[in-house]
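Peer 1: Just need the structure, nothing else, for what follows:
(chains A, B and C)
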Amino acid sequence: MNYWLMKSEPDAFSIDDLKHKTIEPWDGVRNYQARNMLRDQMQIDDQAFFYHSNCRNPGIVGIMEITKVGYPDSTAFDPSSQYFDPSGNPENPRWYRVDVSFIKKFSRIISLDELKRHPLLQTMQAARKGNRLSITSVSLEEWQVIISLAEG
DNA sequence: GCCAACGTTGGC
DNA sequence: GCCAACGTTGGC
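Peer 2: Next comes the predicted model:
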């Protein structure tokens, strides 16, 4: 079982949007490192923190789970999609997505500032300065610390 | 293969 | 809106 952190801009898609859907394809990821995780590493029942980025109060807002392993992201082949990639080729898909589903929304945001300050979270990739990767892995230890912050 | 120019992410 | 920190592109 793996743990992840996945970013979304709440103006585009928030934890409250996810809450109202049974299954949601996590599409539009156009970065090779993140693609490799989507395609090769994520497994059914893995859990992921939902992170609100590029907003007034960035941070972790809840939990979701992976409900379908990586499969081609068809938005890359759809000219009407904002995620259309004109260099793409359906016979040899470049971009992948997984399906996720809502587990819970935290009663408070675990802010980026709090992640950065916590002594046990200094190793967290998502909290490092300059980090732009929209999907990062989370260790079991980091996961448990954050869960205790959210539930404490 | 190098690297300058350019584009994007995302905190602030 | 600014800009640091990347990732990508393309000339050479």
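
Peer 1: Tell me which stretches of chain A form strands.
Peer 2: The residue ranges that make up the strands of chain A, judged by DSSP state E, are A:3-8, A:24-26, A:47-52, A:59-72, A:96-111, A:135-138.

Peer 1: Same list, those, but as TSV with distance to DNA strand B, mean neighbour count and mean pLDDT please.
Peer 2: Any C-beta I mention is one placed from the backbone N, CA and C, and that applies to glycine too. Rendered in TSV, the data for the strands of chain A read as follows (distance: least, Cβ to the nearest atom of the strand, whole Å; neighbours: other Cβ atoms under 10 Å; pLDDT from 0 to 100):
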stretch	distance to DNA strand B	mean neighbour count	mean pLDDT
strand A:3-8	5	22	98
strand A:24-26	13	19	97
strand A:47-52	7	23	98
strand A:59-72	8	19	98
strand A:96-111	8	18	98
strand A:135-138	9	21	98
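
Peer 1: just so I know, which of those strands lies nearest DNA strand C?
Peer 2: When these are ranked by distance to DNA strand C, counting by Cβ to the nearest atom of the strand, first place goes to strand A:135-138 at 11.1 Å.

Peer 1: Can you tell me the strand partners of the closest one and which way each runs?
Peer 2: Sheet neighbours of strand A:135-138, with direction, are listed as strand A:3-8 (antiparallel) (DSSP bridges).

Peer 1: which residues are contacting the partner strand?
Peer 2: In this structure, residues lying in contact with strand A:3-8 by Cβ atoms under 8 Å, 6 or more residues apart in numbering are A:14, A:26, A:37, A:42, A:46-53, A:60, A:64, A:66, A:100, A:125-126, A:134-140, A:142-143.

Peer 1: for the strands of chain A, which one sits closest to residue A:83?
Peer 2: strand A:96-111 (9.7 Å; Cβ to Cβ).

Peer 1: and residue A:33, what does it touch?
Peer 2: Listed by Cβ under 8 Å, 6+ apart, the contact partners of residue A:33 are A:133, A:135.
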